[in-house]
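Trainee: Need coordinates for the following:
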Amino acid sequence: MMFSGLRVVMTGCVWLLLNMPVEARDSLPIFDSHLHYGGEDAQVFTPAQIMAIFDRNRVTHALISSTPNDGTEALYRYAPERIIPFLGVYETLKDKRDWMHDETVLPKVEAALKKGIYRGIGEFHIFSQDRKSPVFKGIVELAAQHGLMLQAHGDAGIIDEIFAIAPNVTVLWAHMGTRPEPAFLREILQRHPQHLYIDTSVRDTLLLGTDGFSEHRGLTPEWRQLLIDYQDRFMVAVDTFSVNRWQTFDSVVKDIRAWLAQLPEPVARKLAYENAAGLFLRSSGAREE
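Mentor: Modelled structure (predicted):
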């Protein structure tokens, strides 16, 4: 009976949090740590329209990477005070699978870095079977040499390899990795107690329990405790991996705000804005909203 009563109380708390007044849930500014503005996106949305999407969702700043990099540079030129440009290593989306075996990648990246606008390299896709790629090692070494961050879409083996190559480089791990499980992420964060940050992009339905594998709607105690315990290491993001993702941006942000509302307000504020601002704004002297 005690556990049954506790379940009722927890369910009621989740219901209250998910049904908070809209103005309370929407009050937090958001610093999106994972967006793309690729060739197809630029054909549908102008930079002004992208800023309008940001404005109505209270997205004050955004980390942008693109394939090709033209989109990132166009947004940065339009709103340099709001855009954190990351350098992609692909020329086309077909390059995702084998860029780490293309010896022309490194000189192209070195040439692009001479523009002096990029704050990091990525998002790049790579998994453990390619962890010993000389091109991948070169990218990590370039990041360390230039004081740039890395945004990696890969498994835990890739994260381990990055820090084996360059222990002091800062890594933003996309999508909570390939095993988005509280116990596993806790293990990785403990293994790398510094310089590893995690973005939550495309995992919002998982966190809300609406991905088809859970019957509840809300953070489990395990997820909630992980996000509280490592509140300085997570950052929210939408990930506009397609034109449709820009078109549904508002609903994705609504989901993000729904699970943020189940955290203590100071923790939610860190994940929504402060952690990314600490990495990208204070170090560069950029203006904060």
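Trainee: And the residue nearest the centre of this structure?
Mentor: In the chain, the centroid-proximal residue (Cα atoms, centre = their mean) is Asp199; its distance is 3.3 Å.
Trainee: Just read off the phi/psi values of it.
Mentor: Here is the backbone geometry of Asp199 (degrees, to the nearest 10): phi -100, psi 150.
Trainee: Okay, Pro85 and Gln194: tell me how far apart.
Mentor: 25 Å (Cβ to Cβ, to the nearest Å). For every residue, glycine as well, the C-beta is placed using N, CA and C.
Trainee: more neighbours, those two?
Mentor: Shown here are Pro85 and Gln194; by other Cβ atoms under 10 Å, Pro85 has more neighbours (22 against 9).
Trainee: need the contact list for the more buried one.
Mentor: Pro85 makes contacts with 64-65, 72-73, 75-76, 117-119, as judged by Cβ atoms under 8 Å, 6 or more residues apart in numbering.
Trainee: repeat that with 7 Å
Mentor: 64, 72-73, 76, 117-119 (Cβ atoms under 7 Å, 6 or more residues apart in numbering).
Trainee: Check these and tell me the two furthest apart.
Mentor: Between any two of the contacts of Pro85, the greatest separation by Cβ to Cβ is 12.8 Å, found for Glu73 and Arg119.
Trainee: Which single one of the contacts of Pro85 is nearest to Val252?
Mentor: Closest approach to Val252 among the contacts of Pro85 (Cβ to Cβ): Ile64, at 16.1 Å.
Trainee: Report the beta-bridge partner residues of the residue nearest to the centre of the chain.
Mentor: Met235 (DSSP bridges).
Trainee: distance of it from Thr46?
Mentor: Using Cβ to Cβ, one obtains 26 Å as the distance from Asp199 to Thr46.
Trainee: that older thread, among the contacts of Pro85, which are in helices?
Mentor: If you go by DSSP state H, those have 72-73, 76 in helices.
Trainee: need the residues you listed in JSON lines with pLDDT and distance to Gly278, can you?
Mentor: Below are these laid out as JSON lines (pLDDT from 0 to 100; distance: Cβ to Cβ, whole Å):
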{"residue": "Thr72", "pLDDT": "98", "distance to Gly278": "22"}
{"residue": "Glu73", "pLDDT": "98", "distance to Gly278": "25"}
{"residue": "Tyr76", "pLDDT": "98", "distance to Gly278": "21"}
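Trainee: Most neighbours among those, which one?
Mentor: Comparing these on neighbour count, Thr72 comes out first with 26 neighbours (neighbours: other Cβ under 10 Å).
Trainee: Can you tell me the SS state at Phe86?
Mentor: strand (DSSP: H, G, I helix; E, B strand; the rest coil).
Trainee: cool, and Thr60?
Mentor: The three-state label for Thr60, taken from three-state DSSP, comes out as strand.
Trainee: need the contacts of Pro85 in JSON lines with distance to Trp259, can you?
Mentor: Compiled in JSON lines, the contacts of Pro85 are given as follows (distance: Cβ to Cβ, whole Å):
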{"residue": "Ile64", "distance to Trp259": "24"}
{"residue": "Thr72", "distance to Trp259": "28"}
{"residue": "Glu73", "distance to Trp259": "33"}
{"residue": "Tyr76", "distance to Trp259": "30"}
{"residue": "Ile117", "distance to Trp259": "33"}
{"residue": "Tyr118", "distance to Trp259": "31"}
{"residue": "Arg119", "distance to Trp259": "27"}
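Trainee: Which residue ranges of the stretch 101-250 of the chain form strands?
Mentor: Counting by DSSP state E, counting those that start in this stretch, one finds strands in the stretch 101-250 of the chain at the ranges 120-125, 149-153, 171-173, 196-199, 234-235.
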